[in-house]
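1. Coordinates only, no sequence provided:
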DNA sequence: CGTGGCTTTGAAACGGGTCAAGACTGGTGG
DNA sequence: CCACCAGTCTTGACCCGTTTCAAAGCCACG
């Protein structure tokens, strides 16, 4: 399994200092300060996985909930006959696990190298119950994810293969690059993972990438690198009615 | 617009008695008692719409949030060129609106006659902030909706037209009927709405309904009535790996 | 009894899937 | 250091399911 790491120097993560945590201001802990933050810090544990590792299988007991600190992980559901659909893509600060549910509802896989900030389920649930700063933030994040899921439903239900690929590339480019044109990024996903997320086959993803390149909308650099000189053109290909604000 | 009402005697709703409310134990108010319930009761207003009415358009200001009391409403997103995808189906006890957001993110349409129990946004947000019984329930409901949305992503991304239609019929039959075989129900959705939800065209929905009837899996009674003697067979057609537990 | 909206049915076109090679990439061991 | 190997990605040809376009049937309602 190719290792294409987005990991930030893991030395910083080995310490317990939430102050220097890269997701401090966006994760489920974002609204906590002082005592509350200390309490979270006491119950947390870091753990890392390599790209391609399965973090949890559908139906496994998941004894923790977690914030994704670095990297990128996917949530996937499998049908009886093996067909597979990615239903979520966790990026730094996203929350993994559902309070009140012991079993993983989806297979969780590390798309790149991943580090989680984990909380034991029981302790976290107690904290959730008595700490509005946590429960409010979690509600907010859940509603954002719901919006993202619904946006994705539009893509899955109504967009053409070309629009699907363009949409995904636009999202990745906007997230990863510091908006100076040309936008550049390394794809955190294999073609396989892209296909799974987009409800397509690998071959179709590959063909559409080539088509977008030949149309001059994007440039490819090796198998993972992409660049785009004209985001507007890419967004037009994506077929959105706005400018692709979504995906939490 | 054809009126196909699921409405329960609206006389009961005209009163302010939460005790006799059909969704009392499942809606966002479910965990509230005594004082808290009184407080909610004071800020609530009922309002009804006819089947086909638009309750809110995408981008409209929505000055309230609400629980759906009776009937069925759809959330729909539209692409620039007019393609349309339903992203949610609200059934009794479901929550409408997002605390903290003024604008409707989706078009909300009454699929059947609908009655909402509405709360003014401001007052509800205050209550949400200081009443764990409300915020906890809303979090739970949001996470259920997120699960349902993800389940739907699998359907949109990977299922065949036949499986899509079978899945939707199974869900409606299970919800609507009092599980004595044969399961019977009146569809709360037009073919158009079904197609919108399933990411298909009207014609394909119609063809698959006919195909399922000819295969002996379902019976059709007029244009809205369906019956099913063998739910297991229908679930097999639906292609699920379990027994279709989802959709909040 | 006619009208308009919803639904069904049919025929043809097309987009994406499937199957099958072949090319590239990065890592490994001679 | 280079050749090889396994895994990943690309490309091509063909096929099938769904959409598109068109027309006819059905139903509720005026």
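-> Right, received. Where do you want to start? The shown structure was predicted, so the numbers you read here are calculated from the model rather than taken from an experiment. Numbers count the residues shown, from 1 in each chain, chains lettered A, B, ... in the order given.
2. Could I get the average pLDDT for stretch A:176-194?
-> Stretch A:176-194 comes out with an average pLDDT of 86.
3. List the buried residues for that stretch?
-> A:176, A:177, A:183, A:184, A:185, A:187, A:188, A:189, A:190, A:191, A:193, A:194 (16 or more other CB atoms under 10 Å in any protein chain shown). All C-beta atoms are positioned from the backbone trio N, CA, C, and that covers glycine.
4. Stretch A:193-211 too?
-> Quick answer for stretch A:193-211 (16+ other CB under 10 Å): A:193-200, A:204-206, A:208-209.
5. Please list which of the residues you listed are also close to DNA strand C.
-> Residues shared between the buried residues of stretch A:193-211 and the neighbourhood of DNA strand C are A:199, A:200, A:204 [CB under 7 Å from any atom of the strand].
6. How about residue A:159: what's its closest non-neighbour residue?
-> residue A:239 (5.9 Å; CB to CB, 6 or more residues apart in numbering or on different chains).
7. wait, isn't the one you found in contact with residue B:80?
-> Yes - counting by CB atoms under 8 Å, residue B:80 is a contact partner of residue A:239 at 6.6 Å.
8. Looking at these two, which one has more neighbours?
-> residue A:239 (20 against 10; other CB atoms under 10 Å in any protein chain shown).
9. show me the contacts for the most centrally placed residue in chain A.
-> Nearest to the mean C-alpha position of chain A, by CA atoms, centre = their mean, lies residue A:90 at 2.4 Å. Taking CB atoms under 8 Å, 6 or more residues apart in numbering or on different chains as the criterion, residue A:90 is in contact with A:68, A:72, A:73, A:74, A:75, A:96, A:108.
10. swap in residue A:149?
-> Contacts of residue A:149 by CB under 8 Å, 6+ apart are A:87, A:88, B:146, B:149, B:150, B:153.
11. now the angle between helix B:132-158 and the helix or strand containing it, please.
-> In this structure, residue A:149 is located in helix A:132-158 according to DSSP states H and E. For helix A:132-158 against helix B:132-158, the angle between stretch directions is 20 degrees (axes from the mean of the first three to the mean of the last three CA atoms, to 10 degrees).
12. for DNA strand D, what are the nearby residues on chain A?
-> A:1-2, A:52, A:190-192, A:202-203, A:205-207, A:209-210, A:220, A:223-224.
13. tell me which of the residues you listed is nearest to chain B?
-> residue A:205 (13.1 Å; CB to the nearest CB).
14. The closest one reaches residue A:191, doesn't it?
-> Yes - with contacts counted by CB under 8 Å, residue A:205 reaches residue A:191, the gap being 5.2 Å.
15. Confidence-wise, which helix or strand of chain A is lowest on average?
-> In chain A, the helix or strand scored least confidently by mean pLDDT, DSSP states H and E is helix A:11-14, which has a mean of 46.
16. Next up, phi/psi of residue A:206, please.
-> Dihedral pair for residue A:206: phi -60, psi -50, per degrees, to the nearest 10.
17. which residues touch it?
-> Applying CB under 8 Å, 6+ apart, the residues near residue A:206 are residue A:191.
18. all helices for chain A, in order.
-> Ranges of helices in chain A, per DSSP state H, are A:11-14, A:34-43, A:121-130, A:132-158, A:161-176, A:191-198, A:202-214, A:231-238.
19. As a markdown table, those with distance to residue A:61 would be great.
-> Shown next, in a markdown table, are the helices of chain A (distance: least, CB to CB, whole Å):
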| stretch | distance to residue A:61 |
| --- | --- |
| helix A:11-14 | 25 |
| helix A:34-43 | 19 |
| helix A:121-130 | 10 |
| helix A:132-158 | 21 |
| helix A:161-176 | 32 |
| helix A:191-198 | 24 |
| helix A:202-214 | 32 |
| helix A:231-238 | 39 |
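20. In terms of mean pLDDT, which of those ranks lowest?
-> What stands lowest among the helices of chain A, in mean pLDDT terms, is helix A:11-14, with a mean of 46.
21. Please report how far residue A:188 lies from DNA strand C.
-> Distance, residue A:188 to DNA strand C, using CB to the nearest atom of the strand, to the nearest Å: 15 Å.
22. my guess is that residue meets residue A:110, correct?
-> No - contact status for residue A:188 versus residue A:110: not in contact, 10.3 Å apart, counting by CB under 8 Å.
23. shared neighbours of these two, which are they?
-> With contacts defined as CB under 8 Å, 6+ apart, the residues shared by residue A:188 and residue A:110 are A:71, A:72.
24. which residue packs closest to residue A:163, ignoring adjacent ones?
-> residue A:239 (4.1 Å).
25. Tell me the confidence at that neighbour?
-> 90.
26. can you check the one 4 residues further on too?
-> What the model reports as pLDDT for residue A:243 is 49.
27. related to what we said a few turns ago, quick one: residues contacting the residue nearest to residue A:163.
-> Per CB under 8 Å, 6+ apart, neighbours of residue A:239: A:159, A:160, A:163, A:166, A:167, B:79, B:80, B:81.
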